[in-house]
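Asks: Sharing a sequence plus its predicted fold:
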Amino acid sequence: MEKIIVRLHKKTYPIIITNKLFDDFSSFWPININDQIVFITNNKVAPIYLDKLTTLLNRSGIKTDQLILPDGEKNKSLNILNQIFTKLLKNNYDRVNTILIAVGGGVIGDITGFAAATYQRGIRFIQVPTTLLSQVDAAIGGKTGINHTLGKNMIGAFYQPIAVLINPSVLHTLKTKDFSAGLAEIIKYAIALDANFFNWLENNLNNLLTLNPSTMTYCIRRCCELKKYIVELDEYDQHARSSLNLGHTYGHAIESYQKYAQWSHGEAVSAGIIMAINAALHLKQFDKNDAKRVILLLKRANLPVQGPKNMTPKNYMKYMIRDKKSNSTQINLVLPIAIGKVKTFFNVKPEVISLSIQNNSY
Ligand SMILES: O=C(O)C(=O)C[C@@H](O)[C@H](O)[C@H](O)COP(=O)(O)O
Ligand SMILES: [Zn+2]
């Protein structure tokens with residue numbers, strides 16, 4: 001078992017990484033006998049893990065209930081959020097004893113976290129991430145929320161879980177496409193924050209793709225450490241945390257344009273990372289050979305290195321101006337200036353953004 005503690009001003013909580021999570025109640029230590037658990041999960045994850053988790057908790061005398069939501073990013077919506085509130089209210093769940101447990105990927109984690117942040121002004125929640133993307137990124141750090149048709153993650157709150165419980169052995173159930181989506185965020189961490197980790201990924205990607213257990217655990221742990229480091233520096237996303245947003249200003253534009261129904265978050269971020277690199281190249285801030293290394297790594301991870309063919313710069317700009325790092329008149333972008341280092345560029349000219357979206361020629 002690996003344990004990383006996230007220490008914040010108002011809350012301290014553990015990230016636990018163990019392949020035995022579903023067989024061992026001791027990992028669920030923040031729960032006590034008077035607590036009422038509500039599992040929030042989706043129709044893809046429930047048939048695989050819900051019974052196991054329910055049995056584990058019930059055997060220890062803990063009462064559980066469940067809500068199974070439809071899978072998919074388009075369901076990270078106000079309408080589905082309301083279904084959670086209705087379930088909690090109809091069953092008289094109170095603020096003292098209720099704990100929501102999010103079992104699923106980033107969508108389930110984000111919407112459950114936001115429900116926990118706002119139901120009766122705040123109840124406890126635990127993240128049990130079951131996708132690679134949520135294990136390395138989404139479940140940690142307290143960004144919770146839902147999408148709006150006019151922009152991704154536009155409604156939300158910073159609200160931390162009381163624990164993040166990661167079972168890497170569940171990753172064998174993921175489809176290749178979903179696994180690759182997680183690799184996009186992993187590669188993002190390396191480009192933004194850790195050149196040695198980028199070298200490590202170049203050398204170990206094949207072992208990750210075949211789910212080698214020790215390589216997988218090391219990789220998840222390294223991402224959790226990087227996220228802990230940044231979130232502890234800047235929980236509320238005022239400065240350092242923007243580094244975790246590399247590729248996201250473009251990526252969110254793709255997801256919003258497609259109404260959250262075509263490319264996954266990871267695919268959109270992958271293309272967005274290359275667009276950010278293109279912008280940095282136009283601004284003469286990034287090395288061409290390093291750009292080639294990133295493209296090669298993303299391609300080896302089965303990820304896209306260009307945006308959707310039908311999207312024009314205008315389509316991107318419409319959403320990029322609403323990005324949380326931008327203001328209503330200028331687009332600000334997090335761009336890499338070397339492998340392992342990013343910088344925020346303010347008021348990036350529309351010509352640079354337009355060129356960065358077009359296909360690269362290196
Ligand atoms: O935790 C963060 O901070 C991140 O930016 C991580 C991102 O990978 C994640 O997709 C996040 O939800 C994006 O947040 P947003 O504020 O840009 O919507
Ligand atoms: Zn992301």
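Replies: Great, that's in hand. Ligands and ions are numbered 1, 2, ... in the order given.

Asks: Is the closest residue to Pro308 other than its chain neighbours part of a helix or strand, or is it coil?
Replies: Leaving out its chain neighbours, the residue that sits closest to Pro308 by CB to CB, 6 or more residues apart in numbering is Ile254, at 6.3 Å. C-beta coordinates here come from the backbone N, C-alpha and C atoms, glycine included. Following DSSP: H, G, I helix; E, B strand; the rest coil, we place Ile254 in the helix state.

Asks: What is the neighbour count of Glu2?
Replies: Neighbour count of Glu2, defined by other CB atoms under 10 Å: 15.

Asks: for it, which residues make a bridge with it?
Replies: Counting by DSSP bridges, Glu2 forms beta bridges with Ile17.

Asks: returning to that earlier point: pLDDT score for the residue nearest to Pro308?
Replies: Turning to Ile254, the model gives it a pLDDT of 98.

Asks: correct me, but it touches His265?
Replies: No - using CB atoms under 8 Å, Ile254 is not in contact with His265; the gap is 9.5 Å.

Asks: Output the set of residues of this structure in proximity to ligand 1.
Replies: Asp137, Gly141, Lys143, Asn153, Glu185, Asp237, Arg241, Leu244, Asn245, His248, Lys324 (CB under 6 Å from any ligand atom).

Asks: Endpoints of stretch 154-168, how far apart?
Replies: Using CA to CA, to the nearest Å, the end-to-end distance of stretch 154-168 comes to 30 Å.

Asks: pull the longest helix from the chain.
Replies: The longest helix of the chain (DSSP state H) is helix 213-233.

Asks: can you pull the buried residues of that one?
Replies: 215-228, 230-231 (16 or more other CB atoms under 10 Å).

Asks: That one - what's its average pLDDT?
Replies: Mean pLDDT, computed over helix 213-233, is 98.

Asks: Stretch 348-362 now?
Replies: 88.

Asks: in it, what's buried?
Replies: Val348, Val352, Ile353, Ser354, Leu355, Ser356, Ile357, Asn360.

Asks: quick one: furthest residue from the center of the chain?
Replies: Gly61 (32.5 Å; CA atoms, centre = their mean).

Asks: Val107 versus the residue in the stretch 101-250 of the chain that ligand 1 sits nearest to, what's the distance?
Replies: Taking CB to the nearest ligand atom, ligand 1 has its nearest neighbour within the stretch 101-250 of the chain at Asn153, 3.2 Å off. To Val107, Asn153 is 11 Å away according to CB to CB, to the nearest Å.

Asks: Which of those two has more residues huddled nearby?
Replies: Legend: neighbour count by other CB under 10 Å for Asn153 and Val107, higher for Val107 (27 against 21).

Asks: helix or strand for the more buried one, which one?
Replies: Element membership for Val107, per DSSP states H and E: helix 106-118.

Asks: What lies in contact with whichever helix or strand comes after that helix?
Replies: As assigned by DSSP H and E, the chain's next helix or strand after helix 106-118 is strand 124-129. Strand 124-129 is contacted from outside by 21, 28, 30-31, 53, 98-106, 109, 112-113, 115-116, 134-135, 138-140, 159, 161-167, using CB atoms under 8 Å, 6 or more residues apart in numbering.

Asks: In strands, which of the residues you listed appear?
Replies: Using DSSP state E, the members of the contacts of strand 124-129 that fall within strands are Thr98, Ile99, Leu100, Ile101, Ala102, Val103, Gly104, Ala163, Val164, Leu165, Ile166.

Asks: in this structure, which spans are strands?
Replies: Under the criterion DSSP E, strands of the chain are mapped to 2-7, 12-17, 36-42, 63-69, 98-104, 124-129, 143-148, 151-158, 163-166, 333-338, 341-345.

Asks: what helices or strands is the fourth one leaning on?
Replies: Using 3 or more CB pairs under 8 Å, 6 or more residues apart in numbering; DSSP states H and E as the contact criterion, the secondary-structure elements in contact with strand 63-69 are strand 36-42, helix 46-59, helix 78-90.

Asks: what's the spacing between the residue positioned nearest the centre of the chain and Cys224?
Replies: Closest residue to the average C-alpha location of the chain: Ala138 at 2.7 Å, with CA atoms, centre = their mean. According to CB to CB, Ala138 and Cys224 sit 12 Å apart.
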